[in-house]
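**Q** I'd like to go over a predicted model; first the sequence, then the structure.
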Amino acid sequence: MREIDQLERAAAQHWQAPETQRLGEWLLRAAQGFTGRANSALPLGDPGVPLPEAVAAVSDWYLRRALPPMIAVPLPLADARGHRLDNFLAERSWALRSAPALVMTAAIADIPAPDPHIDVQLDPEPGLEWLARYRYRGQDLPPIAPTLLMSAPWQVFGSIRRDGQAAAVGRVSVAGSWGALTAVEVDPSCRRQGLGVAITSALSAAAARRGARRVLLQVETANAPARTLYARCGFREAHRYHYRVEPRHAG
């Protein structure tokens, strides 16, 4: 569980909600509902109060922000603390928001080198074309999205152009020795042309130039094409996590 905790703490640095608060060692995060990672409690370590009080405090904190109370639970539950929390939530009908998500990691040395025949433009901020191509869960981005995209200690935004438009985009960030890939998106009409591998490789190389030695990413278990892409690029599953949502807001 210690390795999972360390990886989850590292991942949290790459996608930082604009509003946070500590509950003991737990981290409460809010970003107007955009992404589960930025709008859920990360229950690592000791909350400093008994578990029922901690869960009640989480619920109250999110309800005061008009957000559904949600807790991200890392898997596997390798210690009594993790089992106790997940069991406590399940017994009180905190529902699973969706299927578990994967955390995958790779050593940068194992990721394919950038393709010299595919030009990947790197920019310090996401431009309008980049933002138009990135479709979170198939939807337009809310106004708060750029705040989260620029929330890491360092990040860069890659794009591959075809016929004058952004055909593929992605973001890589660096915090400490870790890089993190997020927001990789390829135009459906340009898939199976190697653009996903190309942008993953180019962004990973950019992270290496900033001192990163390993790269992590988070992907839904149901996203088989993305999982296949990342496996081809040398990523392997490290652990999983799921979200528990308070029952009156689970629907």
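**A** Cool, got the structure.
**Q** mind listing the helices for the stretch 51-200 of the chain?
**A** 51-63, 80-91, 128-133, 145-149, 195-209 (DSSP state H, counting those that start in this stretch).
**Q** how about the strands of the stretch 151-251 of the chain, start to end?
**A** 154-162, 165-175, 178-186, 214-220, 236-245 (DSSP state E, counting those that start in this stretch).
**Q** of those, which approaches residue 228 most closely?
**A** When the strands of the stretch 151-251 of the chain are compared by C-beta to C-beta, strand 214-220 sits nearest residue 228, at 10.4 Å. (C-beta placed from N, C-alpha, C; glycine too.)
**Q** how far off centre is that closest one?
**A** Put simply, strand 214-220 sits 7 Å off its chain's centre (C-alpha atoms, centre = their mean, to the nearest Å).
**Q** and that strand, what's buried?
**A** Neighbour counts over strand 214-220 (16 or more other C-beta atoms under 10 Å) mark 214, 215, 216, 217, 218, 219 as buried.
**Q** returning to that earlier point: ok, which of the strands of the stretch 151-251 of the chain comes nearest residue 57?
**A** Using C-beta to C-beta, those put strand 236-245 closest to residue 57, at 15.1 Å.
**Q** which outside residues touch that closest one?
**A** 3-4, 7-8, 36, 40, 68-76, 86, 89-90, 94-106, 216, 221 (C-beta atoms under 8 Å, 6 or more residues apart in numbering).
**Q** swap the cut-off to 6 Å and go again
**A** With C-beta atoms under 6 Å, 6 or more residues apart in numbering as the test, strand 236-245 has contacts from 4, 7, 36, 40, 68, 70-75, 89, 94-97, 100-105.
**Q** buried subset of those, written for ChimeraX?
**A** Buried subset of the contacts of strand 236-245, written as a ChimeraX selection, criterion 16+ other C-beta under 10 Å:
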select :4,7,36,40,68,70,71,72,73,74,75,89,94,97,100,101,102,103,104,105
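**Q** just the ones in strands from the contacts of strand 236-245, please.
**A** Among these, the ones falling in strands (DSSP state E) are 70-75, 95-96, 101-105.
**Q** tell me the least confident of the residues you listed?
**A** Lowest pLDDT among the ones in strands among the contacts of strand 236-245: residue 75, with 84.
**Q** contact partners for that residue?
**A** Residue 75 neighbours (C-beta under 6 Å, 6+ apart): 240, 241.
**Q** any idea how far it is from residue 216?
**A** 16 Å (C-beta to C-beta, to the nearest Å).
**Q** also residue 19?
**A** Taking C-beta to C-beta, one finds residue 19 at 24 Å from residue 216.
**Q** kindly report the same for residue 34.
**A** Distance from residue 34 to residue 216, by C-beta to C-beta: 20 Å.
**Q** what is the nearest of the buried residues of strand 214-220 to residue 192?
**A** residue 219 (18.3 Å).
**Q** hey, what's that closest one bridged with?
**A** Legend: beta-bridge partners of residue 219 under DSSP bridges are residue 102.
**Q** show me what contacts the residue nearest in space to the middle of the chain?
**A** In the chain, the centroid-proximal residue (C-alpha atoms, centre = their mean) is residue 218; its distance is 4.8 Å. For residue 218, the contacting residues are 101, 103, by C-beta under 6 Å, 6+ apart.
**Q** residue 71 pairs with what?
**A** residue 41, residue 244.
**Q** report the contact partners of residue 198.
**A** Residue 198 neighbours (C-beta under 6 Å, 6+ apart): 115, 118.
**Q** ditto for residue 177
**A** residue 213.
**Q** what's around residue 211, how many residues?
**A** 12 (other C-beta atoms under 10 Å).
**Q** mind starting the numbering at 608 from now?
**A** Done: numbering now begins at 608, and the last item shifts to residue 818.
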